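> Quick one, fold the following:
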Amino acid sequence: MIEVQAPQERALLVSAPGPDTSRGVAREHLDELASLADTAGALVVGTVTQHLQAPHPAYYIGSGKAEEVREAVARLQATLVVFDEDLTPVQGQKLEQVLGVRVMDRTELIIDIFALRARTAESKMQVELAQLQYLMPRLKRMWSHLSRIRGGIGLRGPGETQLETDRRIIRRKIRDLKGRLERVTRQRATQRKGRVGEFRVALLGYTNAGKSSILAGLSGSELFVEDRLFATLDPATRVVELGEGFRALVTDTVGFIRKLPHDLVASFRSTLEEVNESDLLCHVVDVSHPAWEEQCEVVEGVIAELELRPKARLIVFNKVDRLTHAEQAALEERSGALLDSHVFSSTVEESGLEKLRQTLRDAVRVQWPTVALTIPASAGSLLAEVYREGEVLTRTDRGSFVQLTARLPAETLGRIRSRDGVAVLEASSVA
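Residues are numbered from 1 along each chain as shown. Next up, the predicted model:
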């Protein structure tokens, strides 16, 4: 059987930052757009930048610059023009008329990457919902896309067949997807109830910050890891043995990015509720990235938008192996002055995750209730269980009884309470 593959898209990137954006920041944003285009499978053949006081109502960029882009399209044989800014349906249509090739904005490109990366039924539904909501006001232009090409960047994924239907059917499909996702949300809530007693950690951060690498390194399990934006989309949860008898359920959530489409954020809200239910949120930061502080602000903005309120938070400064000793020392001094809860990590250096493991152990330990136990000295197996599954703080031997002050997991504490001859004093009463 012969496989026929569509030719690779040749993408020309256009950046039109506002007056408050410096040239350096504009360059970083354009580099990120190039990474997105590469992730989507396009070959970037050129870039065009124009600093604007205000967007042009018809072309976003000025009419003269639009003519310059048209000439670049012809010279570079581009088949696709990608704008770093969001375009209105009218702007997209006008630009396509002038340029003679397909035009995409940043939102459409990101949604397409999510369609490419989605693997589970839930994430496919979430992406399809975002696709349909984005396409609704743009159906007229998208139908003209279909008359020229099928299966290219921006035209694939679970929502593809819906482009040929009318708005009424798409609205019905959106309602159906929302209903199905609500049922999945209820199922997820039921699953979380079954994890009561487990210490839960959520990894969250900018895309490509290294969350999947950290989870793979902590758990020792095989996870897909790639140095690309949105390399993984579907959340993964693993049991992580932290040492000294401690363990945690660690979940790698979807990554964030600058100008993350609102429809995607809304669609993935149920997935991100894992963060709200977690005992500890680890915000993973790629400190080797020149714009890591801006990336932190993006993530914090999405956390605020979704009103996520985990019980505790920890900043994980990742990829410190890429810093010089002087840069790491300066970062440690600065973060020490600004942040209370932070840790440095590396997934390539030996023992690069040990400090994170220790921090997670401490976090689990703090969550356990502290109790005073009086146990018969003859109950050797019970004493061994306390030592094995908890943390003994003090011990006093008094003849036929042993008095302990210990931190214990709720499950272990429940079993001990049911044993005859054992006295348990609540934490509030322990001096």
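> just for the stretch 301-431 of the chain, where's the confidence low?
Residue ranges of the stretch 301-431 of the chain with pLDDT under 70: 336-340, 426-431.
> mind running it again at 50?
428-431 (pLDDT under 50).
> Could you pick out the longest helix of this protein?
As assigned by DSSP state H, the longest helix anywhere in the chain is helix 167-193.
> shaky segments in the stretch 151-300 of the chain?
Ranges of the stretch 151-300 of the chain meeting pLDDT under 50: 151, 159-163.
> All the helices of it, in order from the start?
167-193, 211-219, 262-267, 269-277, 292-305 (DSSP state H, counting those that start in this stretch).
> any idea what sits nearest F401, other than its immediate chain neighbours?
T374 (5.4 Å; CB to CB, 6 or more residues apart in numbering). Quick note: C-beta positions are derived from backbone N, CA and C, even for glycine.
> E300 too?
Sequence neighbours aside, H283 is the residue nearest to E300 in space, at 8.0 Å (criterion: CB to CB, 6+ apart).
> quick one, what contacts the one you found?
The contact partners of H283, by CB atoms under 8 Å, 6 or more residues apart in numbering, come to 204-205, 296, 299-300, 313-316.
> Same question for R415.
Contacts of R415 by CB under 8 Å, 6+ apart are E385.
> Kindly report the same for R407.
Per CB under 8 Å, 6+ apart, neighbours of R407: 365, 368-371, 390-391, 393.
> Need the max-distance pair from the residues you listed.
Greatest spatial distance among the contacts of R407 (CB to CB): R365 and V371, at 13.8 Å.
> Between these two, tell me which one has more neighbours.
V371 (22 against 16; other CB atoms under 10 Å).
> hmm, back to that, now render the contacts of H283 as CSV, adding neighbour count and distance to G245.
Shown next, in CSV, are the contacts of H283 (neighbours: other CB atoms under 10 Å; distance: CB to CB, whole Å):
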residue, neighbour count, distance to G245
L204, 27, 27
G205, 25, 29
C296, 18, 34
V299, 21, 33
E300, 12, 34
R313, 20, 25
L314, 20, 21
I315, 21, 26
V316, 25, 23
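> Just to check, P19 is in contact with A26?
No: under the criterion of CB atoms under 8 Å, P19 is not in contact with A26, lying 11.1 Å apart.
> Quick check: neighbours shared by these two?
Common neighbours of P19 and A26, counting by CB under 8 Å, 6+ apart, are H51.
> Can you tell me which of the contacts of R407 are buried?
Buried by 16 or more other CB atoms under 10 Å: 365, 368, 370-371, 390-391, out of the contacts of R407.
> Is E350 part of a helix or strand, or is it coil?
On the three-state scheme (DSSP: H, G, I helix; E, B strand; the rest coil), E350 is labelled coil.
> wait, I meant E332
helix.
> still on that earlier bit, residue contacts, the residue nearest to F401?
Counting by CB under 8 Å, 6+ apart, the residues that T374 touches are 401-403, 422-423.
> sorry, back to before: which one of the contacts of R407 is nearest to E198?
Among those, and counting by CB to CB, the member closest to E198 is W368, at 12.3 Å.
> Setting aside sequence neighbours, what's the nearest residue to that closest one?
In space, and not counting its chain neighbours, W368 is closest to R407: 4.0 Å by CB to CB, 6+ apart.
> how close does that neighbour sit to E182?
Distance, R407 to E182, by CB to CB, to the nearest Å: 39 Å.
> How about A410?
Relative to E182, and taking CB to CB, A410 is found at 31 Å.
> for the chain, what spans make up the strands?
With DSSP state E as the criterion, the chain has strands at 10-15, 43-49, 80-83, 102-105, 200-205, 236-243, 246-252, 280-286, 313-318, 342-344, 370-376, 391-398, 401-407, 423-425.
> so can I have a markdown table of those showing distance to T324?
Shown next, in a markdown table, are the strands of the chain (distance: least, CB to CB, whole Å):
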| stretch | distance to T324 |
| --- | --- |
| strand 10-15 | 30 |
| strand 43-49 | 30 |
| strand 80-83 | 35 |
| strand 102-105 | 38 |
| strand 200-205 | 23 |
| strand 236-243 | 30 |
| strand 246-252 | 29 |
| strand 280-286 | 16 |
| strand 313-318 | 15 |
| strand 342-344 | 14 |
| strand 370-376 | 43 |
| strand 391-398 | 39 |
| strand 401-407 | 40 |
| strand 423-425 | 53 |
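> Of all those, which one comes closest to K173?
When those are compared (using CB to CB), the closest one is strand 102-105, at 22.2 Å.
> Extract the CA atoms of that closest one and return them as CSV.
Extracted in CSV, the C-alpha atoms of strand 102-105 (Å, rounded to 0.1, in the frame of the first residue of the first chain):
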residue,chain,number,x,y,z
ARG,A,102,-4.2,30.7,3.9
VAL,A,103,-3.9,32.9,7.0
MET,A,104,-3.9,31.6,10.6
ASP,A,105,-3.6,33.4,13.9
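> Poorly predicted segments of the stretch 1-150 of the chain, please.
1, 143-150.
> make it 70
For the stretch 1-150 of the chain, the stretches with pLDDT under 70 are 1-6, 139-150.
> List the contacts of I111.
So I111 contacts 127, 130-131, 134, 157, 261, 263-264 (CB under 8 Å, 6+ apart).
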